[in-house]
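Chemist: only the shape, not the letters, is given here:
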């Protein structure tokens, strides 16, 4: 299959305007590259474009590999601590909840590649951190309060992101006042984490 670039389409690219009103739900963290068009979109593109260069992708890849190795190590240690290690290792690795661990892996990659602060898995030694990036929290890296609250915050940034990412559907579909007043504990946690994340971001 051959793909051809049509010069007339490239010249008329401004005629293809995305329906930004359909993306308003994504404005929950403010206007962004997805929810804007025209000059405002170009400004967002200039700002975020640097984050998606070859060097950044290399860092993301390196950190993803390191974090995947860390996650496999955690799974192995959990099996050993459960007393079934030898038998299960002979049969192959069994994982109870890969979804939450891969979400943590993603969060760890964001912390390291996006903020320059690598994260440890449970049971990892401090020397392991920074293999790919050369930096770790408390070792010349900025104190972002990833693992503990700093200043007026009551939740560490890592926990905030974890709550927000796992509760995105609630944030998109529920009004903030409803989450705040809800008797369901999870709703209150997501609301608090969302407010703290916005305070940290601002």
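Modeler: That came through, no problem. Just so you know, these numbers come straight off a predicted model, no measurement behind them.
Chemist: thought residue 77 was touching residue 123, still the case?
Modeler: Yes - contact criterion CB atoms under 8 Å: residue 123 and residue 77 qualify, at 5.1 Å. All C-beta atoms are positioned from the backbone trio N, CA, C, and that covers glycine.
Chemist: all helices for the protein, in order.
Modeler: Taking DSSP state H as the criterion, the chain carries its helices at 7-11, 38-49, 54-81, 85-91, 98-109, 115, 157-166, 168-173, 176-181, 185-201.
Chemist: how much distance is there from the last one to the middle of the chain?
Modeler: Going by CA atoms, centre = their mean, to the nearest Å, the spacing between the C-alpha centre of helix 185-201 and its chain's C-alpha centre is 15 Å.
Chemist: now swap in the second one and tell me
Modeler: Here the centre of mass of C-alpha atoms in helix 38-49, compared against the chain's by CA atoms, centre = their mean, lies 21 Å away.
Chemist: if I look at residue 45, how far off is residue 37?
Modeler: For residue 45, the distance to residue 37 equals 11 Å [CB to CB, to the nearest Å].
Chemist: skipping its backbone neighbours, what lies nearest residue 27 in space?
Modeler: Closest residue to residue 27 apart from its sequence neighbours, by CB to CB, 6 or more residues apart in numbering: residue 35 at 5.0 Å.
Chemist: and the helices of the chain, which is most packed in?
Modeler: The highest average neighbour count among the helices of the chain, using mean count of other CB atoms under 10 Å, belongs to helix 157-166 at a mean of 20.
Chemist: quick check: mean pLDDT of that one?
Modeler: Averaged over helix 157-166, pLDDT sits at 81.
Chemist: next one: stretch 62-76
Modeler: pLDDT averaged over stretch 62-76 gives 92.
Chemist: let me see the domain layout of this structure.
Modeler: 17-51, 54-82+95-122, 150-201 (the TED database).
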